[in-house]
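A.B. asks: Can you look at this prediction? I've put the sequence above it.
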Amino acid sequence: MSFEEHLPEDWNGRIPPPYRYIEREYVEMFFDTGRPMLTTYKRCAEMEDKSRADAREGKLNTLVRGPDGYAIAGISGVGRCSYMFCTSLKQNLDVMAGFEGANAHFRIDDPRAFAREVAAEMSGYQSGLMGACVYMPERSLEATAVSNPDFSEIEAVMRSEDTEAIGRAIDNFRTQLGRQQSALVGAQAYFAKVASTHEDESEFRSFGWLTMRRASTHYF
C-alpha cells in the first residue's frame, strides 16, 4: 500500500508522531477491535460550519495564469470519494478541545505503518495521501502555467456550421483547462486550512484512503 506524501521540506522525510483526538468510546473501540474511526470531508464541513468557522473543507479557490496573460478562475474540490483520518502534531488539551466532542486521545508512533494497516482493510482502496496541513490567510491559490492551452481544435471548427463539432471542441477545451488546473493545484486542496482559525491545531492528515465508491459518513 503506497501513499503520496506531502511533508514540509525541513522534516527530511521524517514524520513526528501525531495524536488522534476523539471521543473516548472510539478510542476504546480502536484498542478493542483495531478498527479506527474514519470520517469524510462532508462530515467535517458540517462540523466546521457549526463550531469551527471553516465550512469549506476540501475546497480551494484557484487562479491559473498563462504565459500570454490569460487567467482562469475556478474552485478545486476534493474528497467526494475519500475517507479521512485527522490528527494533530501537538499533545495539548487546548487543541483537543477544538475537536468537537473529543475527550481522549492516543499517539501514533509510526504513521506510515498505521496508514498501510488501515488501507489494507478498506474495501475498494485505490490510493492514498498523507501530509501536514498548509495554513494560509484564505483558501486561495494562484499558479502560473508553463504553456498556453491548445486552441487549435476550436479555431478549426468555429467558422463552420457543424454545431456538434463545435460543441465537442468546446467540451474538449474545457477538459483541457480542467486538467491543466488540476495539475497545477495537485493535492493542495486536501491540506489547505485557514491560518487565523486553525493554525494552532498543527493538523496532520495521515488519511486519504481513496475508494472506488462515494464515501459515506463513517467507516469502521
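C.D. replies: Done, it's in.

A.B. asks: mind listing the strands for the chain?
C.D. replies: Taking DSSP state E as the criterion, the chain contains strands spanning 3-6, 19-22, 59-65, 71-77, 82-83, 86-88, 104-107, 125-132, 134-136, 140-144, 192-194, 203-205, 209-211.

A.B. asks: pLDDT of the third one, averaged?
C.D. replies: So the one you mean is strand 59-65. Averaged across strand 59-65, the pLDDT comes to 87.

A.B. asks: What helices and strands are in contact with that strand?
C.D. replies: Applying 3 or more CB pairs under 8 Å, 6 or more residues apart in numbering; DSSP states H and E, one finds that strand 59-65 contacts strand 71-77, strand 140-144, helix 163-185, helix 188-191. The C-beta positions use only the backbone N, C-alpha and C, and glycine is treated the same way.

A.B. asks: Just tell me which of those ends up closest to Phe99.
C.D. replies: Each of the helices and strands packed on strand 59-65 has some distance to Phe99 by CB to CB; the shortest is helix 188-191, at 17.2 Å.

A.B. asks: Quick check: mean pLDDT of that closest one?
C.D. replies: Averaged over helix 188-191, pLDDT sits at 87.

A.B. asks: Which helix or strand in the protein has the lowest average pLDDT?
C.D. replies: Within the chain, no helix or strand scores below strand 209-211, which has a mean of 63 by mean pLDDT, DSSP states H and E.

A.B. asks: returning to what we had before: turn the helices and strands packed on strand 59-65 into JSON lines, columns for distance to Val95 and mean neighbour count.
C.D. replies: Formatted as JSON lines, the helices and strands packed on strand 59-65 follow (distance: least, CB to CB, whole Å; neighbours: other CB atoms under 10 Å):
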{"stretch": "strand 71-77", "distance to Val95": "27", "mean neighbour count": "14"}
{"stretch": "strand 140-144", "distance to Val95": "25", "mean neighbour count": "14"}
{"stretch": "helix 163-185", "distance to Val95": "28", "mean neighbour count": "14"}
{"stretch": "helix 188-191", "distance to Val95": "18", "mean neighbour count": "22"}
